[in-house]
Structure formats: structure tokens, C-alpha cells
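**Student:** One predicted model, sequence on top.
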Protein chains: 2
Amino acid sequence: MKFSIEQKDLYKALNIVRRAVAKNKTLPILTGIYLKVEKNILSLKATDLELGIKYNVNVDSEEEGSVVLPAMQFINIIRELPSEKIEIELNEDKWQLQINCLNSLFKINGFDPDEFPSLPEVEASAEFNLPAAKFKSMLEKVKISTSKDETQPALTGALFVVKAEEVRMVSTNTYRLSYVDSPLKTNLDQIIEVILPGSTLDELNNLLEDEGSIDIVVDNNYARFEFAGIELISRLIEGKFPNYELVIPDEFNSKFKADLSKLHGAVKRASLIAKEDANIISISADEGIMEINSTEGSAGYAHEELSIELSGPDQKINIDAGYLIDVLKVLDSEEINIEMIGPLNPLVIKNEDQAGGKFIYLIMPVRAQAS
Amino acid sequence: MKFSIEQKDLYKALNIVRRAVAKNKTLPILTGIYLKVEKNILSLKATDLELGIKYNVNVDSEEEGSVVLPAMQFINIIRELPSEKIEIELNEDKWQLQINCLNSLFKINGFDPDEFPSLPEVEASAEFNLPAAKFKSMLEKVKISTSKDETQPALTGALFVVKAEEVRMVSTNTYRLSYVDSPLKTNLDQIIEVILPGSTLDELNNLLEDEGSIDIVVDNNYARFEFAGIELISRLIEGKFPNYELVIPDEFNSKFKADLSKLHGAVKRASLIAKEDANIISISADEGIMEINSTEGSAGYAHEELSIELSGPDQKINIDAGYLIDVLKVLDSEEINIEMIGPLNPLVIKNEDQAGGKFIYLIMPVRAQAS
């Protein structure tokens, strides 16, 4: 392997594939990045066996070949090199890579590339295409509600439902739930219903730009996402996703709009006191006023007010402040719609975009006494 | 206590005094900030018994009084409040502070202010004044060389020598040494020679602006620094500072200039490989070239070259790359002067500013074999 490449092109490519590098060191080879040069194309890939990312860059190559390099060390060196042409050459006897750039010379010890696992092939049983910005906006809203509890694997991901004219994503940790759907044409003649892992949602969200589109292929075990030259392959989570439709209330008793940024500020402040205990706040909606109160605990007490216009009877509910802050962070409208039924029913936040996309966020009440 | 103050003024004041708040919780009262209102002046202070900071702000006060508040909680709340007038009122029965700002109300539980220690009085036995920018630049250069080893207390600080027409600071962890002096007129009729703690150097450096001047008073146990309305009182370190003058070489065999930013880049890159082992690099100076090599270790090998003009014989020395990086970070000249005697003598970096200030930095050689 012998090729040359601009520092900034290589650094960009490494920053894409690094997102799939294994975080734990059980299998040392997976903490590396696989490089292969063939016909003036450098292919980079990384995988932690759940997620795999592949990215190609054009290079000037003199000799083909492949190697696996320790990811962090290789990336740190490339980051510190000047923005100039880099010459790279592999000594295949020792899997040692030599890097030349201006007056710098590095030799890094790598691994035998034959030990690196192949990324899984995804059968093209269902193939469709979505606008990247729209898909990214859906990911942001469901990734907050996934569970961290590995004993219920289905809840650590998001349900991904694709129909001919609709795309839907749902996630829940049983204390809160995100539901988002969009009227997007996919021309599928079947209904796809799979569970994407939480880490896949995170990395897709990190890598997706607001432009262009994303090609998606799904089979029984894997999903493949292609966008901006990036190929991301994710294992699907097996198991049954809970029946979320039963949980989302059809009706409500009271409803009001609140200013997003004022509400965000108020909840963040109340949480500064509330989090000294269990981070529980009470939300009250009165005719003209929404009140947010922390419990009166060892740390003190917080009280916030916002003016609202309420339709329906007064309401009061206790919720986890963190769940409300999470959703306020990902919304970008000026106002949000809040619906309430009673103190033992979820608080529901609903937003609809101009294209007919719907977002529903449920926060279950907690019984703890807030003042 | 009852007063009102602009959010940004209070937040600024809290961010100044927080730097002296105790980091460990052995004495809970020291994790707090002391507030006192007297005649339209709010005085804030904090201390960890080694360092104390006091700062005054003008307020509109209706009632005098004092209290101690948990620092982080109070600061976090003030940070999140809108940039508006804040009304503050103390309930002295419970040491509970009530904070009102627009539609927000907070109650924070504080401590009895009588339990808060007084900041020590410093006898005005020696008083002088220095330009803030000059003093800050000296602090930056000595704070890097202080030792973290508490068994030799004198080395955890910097020697501070003040004469009628000269100010000097010195620090060393025995593996490297910083020496800086400036021809500043202090009009002192005595010589001051005290040791300032490392944390005092850090906080003075953090708080000092590049404008104005700093008033300094020193007695046998404490030093007081006054600048920009801030009063910082530091305990002095007892003990004898080593005889640094014996360590700084008078002469050298070889000398060259190196481009600061190129050298910085080269050492940072070589260190990426070297730090996988003991972070030892070898520095060689040849007639036209300076070479930096890492050891050839398990991680690989790094080699860097810079063009230089050497006077004197060739040199080669092994040093800790971290010590060289530390000094390159705080220097702002385009070039640095490097002097060498031989492989068992320190590498010496010397810089002189236009006002006649001198900076000398010594890095002791290590015996470890670098290639």
C-alpha cells in the first residue's frame, strides 16, 4: 500500500468512520480502523459489530494493499499534521505504516487486515429514500426517549415504521414516549417495522447533514443507510416493541400553548433546586398562569410562572424535570402545545409541522409529592 | 438583608469569588460564599483557608445583613436567570435567601454567617505596585514549573523576590525550572523573598486582566493582591526555596534559534507516539537541522525535522516532551533561543523582552534511551 492524500481529506474521512470504532477493548482489532487502497480509492471502515461505517476517498495510489491501524493514535497524528499532502506507505511484513508530511515522519504499528471482520451484507428486500433533513429531525426527537436498560432490549432502540406514504418512529423508556410521523412518499409495497439501536440513532444524527437524501435498505437483521458518500450498517434489535398506540391518549381535558424559550428557562431554573432531591417538579395550569414548582427540600424552593391561555379545567401534575428539559432542547418552534387529562395521566406535548408531520411526546406523572 | 442588583453584575461578582471556594467539603461552610450588605455595598467573599477572595458591588439596599450561601447552587441559579433586576431578601430566622426576578422565585437555604472565618489581616510591612500585564506574564511562565509533590511544600509554589528595581519569580519541580525577572521600579527599601502557593499563581493569572496595575502587600505569613476591585489574600508557603542560582548554567557550548510554532507542532506530534511509553523524546542539533525523535516503542516511531542555524558543536539530549510542550504554550515570540552544553546538562530556553525582562527555562535530561 502506497498513496498520497491531502491532510484535510484524510482527517475528514477518519472523523466519519471513527464513530463506529469499538469503545471497549475486548477485541483489540475493533479499536482500529481498516484501510484499503484499490484503484486510486482509499476505503476506510470501522465496526463495533453492532454498527459499521464505511467511507471512500480518492487518493493518488502507487501500490494497493490494506491494513488496520489503532484508531485514536492514527487520528491524533493526522489531526496534528499541517494541512499539506501526506505520503503513506505500508511495510506489510510488520503491518507498519509510514506517514510522511513535510518534515514529519511517523511509523505506526498496525494489525493484519485479514483479522478485521467484514461488514454484513444487507439483502435488498426493501429499499427506499428519505430527505436527509426530515429524517434527521425525526431522529433527534426519538433518540431522547430510548431506554438505557439493557434488560429490555427493544426499549433501547426506536421503532421504525415505513409505509408507502408514511414514515414513523417511536421510542419509550416507559416513563416517557416520543412519537413522530411524516407523510413521506417511499413507494414501498410492503410495511417495514424494525427496531433501530439507540447508538445508531445517535450516530446517524451526528453524521447526517441537512441537505440531500438518504438511501435506506432493510432486511431481517440489518439496515443500511447511504448518504453523502457514507455507508452506515446497523444491526437491528430483535424483540417486540410495546403497543405504543394504547398509551397515547386520544382525548384531553385541558390544553394550552406555552412560549418555548420562556418555558425552557423556567424549567431549567426550577430543576436547579429540584435535582438536589429527585428532580421532581409540579406543573400547574390555571386560567391565565402556568406554575412550575420544585418540592420544598433541603436545598430550598423554586417557583416559576408563565402566562398562558388555558382551555378546560385547572390541572396539576408532578413530573421529572429532566424529561421536560430534554424535549424543550430538541424543539425549534416558538410555542408548544400542552395537553393534560388529570394528575394520573401523562402530560402530552404536541407539535405539528407545515408539511403535516406530527410529534407527540408523553411524560408520565410521578406520585412523589411536589408542593 | 434586602437589596436589588442587575443579574449580570451579581453573576460577574460570583464568578470572581468562586475561585476561592473550598473544593473539598471537610468544612461545609467553606463551600459557601459569604454575602454582606452594608450601606448600598454588597461584599462577597470566599476562602479555602489558603486563598481568600473579596469583591464589592454597588447595590440598592433596603436592609443590611449577611448570610453564607452554597456556592454552586447560588451561582447556577443566578446564571440561568434572565438579564434583569434581581430582588434579594433574607429570612434571618432560617438563613433562607429569597430571590425574585421577573416571574421566578427561589428560596435557598444558607448558613449562619457568624460561622464563616474572617479573611486574615495582612500587616502593611511591605507595599508596592506592579503593572498587571507584566505580572500576569511572569505568573504564566512560573506556574507551569511548580511541583505537585506535597512532601516538598516549598516546591509547590513559586519564589517571589522583589527588590527596589527588580521583580523575580522562580519555580521548579527539580526536573525543570522557570526563572523570570523584570526591571520594575517598586521603590522598596528592603528585599522581599517569599513563596506563593501554586493555586495562588493560577487564580491570580485567571483573574488578572492585561490592563491597570496591581497593589501588593506582603507580611510574614500572607500576601494581599488588589486589582480591578478584587482583593485576593494568599497564605505564604513556609520553608526554604532551593538555591536555583547554582542550577542555572552560566555558559553553554551550542546555541540555536528555532521557529516557535513549527517547533510546537513538531514536539506535539512526536509526543503522540512518545507518550504511549514514557513521553521521552531526543532532541538533536546538527549544523543545519534540529531533529526530534521518539523512542521506537510498541506504538511506533516519530521523527521530526526543523531547519536551524547552530553555533557550536552538535548536540543530542533526551528530555520529557511534556516539559517542552508546556513552555512552548506560554511563549508568544516568533522564535526561541535554545542553549545546550551536553547530554547530561539541562537544555536551556532563553527569551528576553524589549523592556529587558528575562525568561530562562531549564529542562533536565533523562537517561532513558531514545533512538
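**Tutor:** That came through, no problem.
**Student:** going forward, measure contacts between C-alpha atoms and count neighbours the same way
**Tutor:** Will do.
**Student:** Enumerate the residues of the stretch 201-350 of chain A near chain B.
**Tutor:** Near chain B, the residues belonging to the stretch 201-350 of chain A are A:265-266, A:268-269, A:272-273, A:298-306 when assessed by C-alpha under 8 Å from any C-alpha of the partner chain.
**Student:** of the residues you listed, buried ones?
**Tutor:** Using 16 or more other C-alpha atoms under 10 Å in any protein chain shown as the burial test, those include A:265-266, A:268-269, A:272-273, A:299-306 as buried.
**Student:** Select from the residues of the stretch 201-350 of chain A next to chain B every entry located in helices.
**Tutor:** Among these, the members falling in helices (DSSP state H) are A:265-266, A:268-269, A:272-273.
**Student:** Now pLDDT too, for those, in TSV please.
**Tutor:** Converted to TSV, those look like this (pLDDT from 0 to 100):
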residue	pLDDT
A:265	95
A:266	96
A:268	96
A:269	95
A:272	92
A:273	92
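**Student:** Please identify which two of those are farthest apart in space.
**Tutor:** Within these, two members stand farthest from each other by C-alpha to C-alpha: A:265 and A:273, at 13.5 Å.
**Student:** Now do the end-to-end distance for stretch A:4-24.
**Tutor:** 31 Å (C-alpha to C-alpha, to the nearest Å).
**Student:** how about the strands of the stretch 251-371 of chain A, start to end?
**Tutor:** Assignment of strands within the stretch 251-371 of chain A using DSSP state E, counting those that start in this stretch yields the ranges A:254-259, A:280-285, A:289-294, A:300-307, A:315-320, A:335-340, A:347-352, A:358-363.
**Student:** would you list those in JSON lines and tack on distance to residue B:147 and mean pLDDT?
**Tutor:** JSON lines is the format used below for the strands of the stretch 251-371 of chain A (distance: least, C-alpha to C-alpha, whole Å; pLDDT from 0 to 100):
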{"stretch": "strand A:254-259", "distance to residue B:147": "53", "mean pLDDT": "96"}
{"stretch": "strand A:280-285", "distance to residue B:147": "45", "mean pLDDT": "96"}
{"stretch": "strand A:289-294", "distance to residue B:147": "46", "mean pLDDT": "96"}
{"stretch": "strand A:300-307", "distance to residue B:147": "41", "mean pLDDT": "95"}
{"stretch": "strand A:315-320", "distance to residue B:147": "46", "mean pLDDT": "96"}
{"stretch": "strand A:335-340", "distance to residue B:147": "55", "mean pLDDT": "96"}
{"stretch": "strand A:347-352", "distance to residue B:147": "55", "mean pLDDT": "95"}
{"stretch": "strand A:358-363", "distance to residue B:147": "52", "mean pLDDT": "98"}
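**Student:** Please identify which of the residues of the stretch 201-350 of chain A next to chain B is nearest to residue B:349.
**Tutor:** Within the set of these, residue A:272 lies nearest residue B:349; the separation is 48.9 Å, counting by C-alpha to C-alpha.
**Student:** The residue nearest to the spatial centre of chain A is in what secondary structure piece?
**Tutor:** Note on chain A: the residue nearest the mean C-alpha position is residue A:202, at 2.2 Å, using C-alpha atoms, centre = their mean. Applying DSSP states H and E as the criterion places residue A:202 in helix A:198-207.
**Student:** and that helix, average pLDDT?
**Tutor:** Averaging the model's pLDDT scores along helix A:198-207 yields 97.
**Student:** Not counting its own residues, what contacts it?
**Tutor:** If you take C-alpha atoms under 8 Å, 6 or more residues apart in numbering or on different chains as the criterion, helix A:198-207 is touched by A:16, A:19, A:51, A:136, A:139-140, A:143, A:146, A:156-158, A:234.
**Student:** Fine by me, thanks again.
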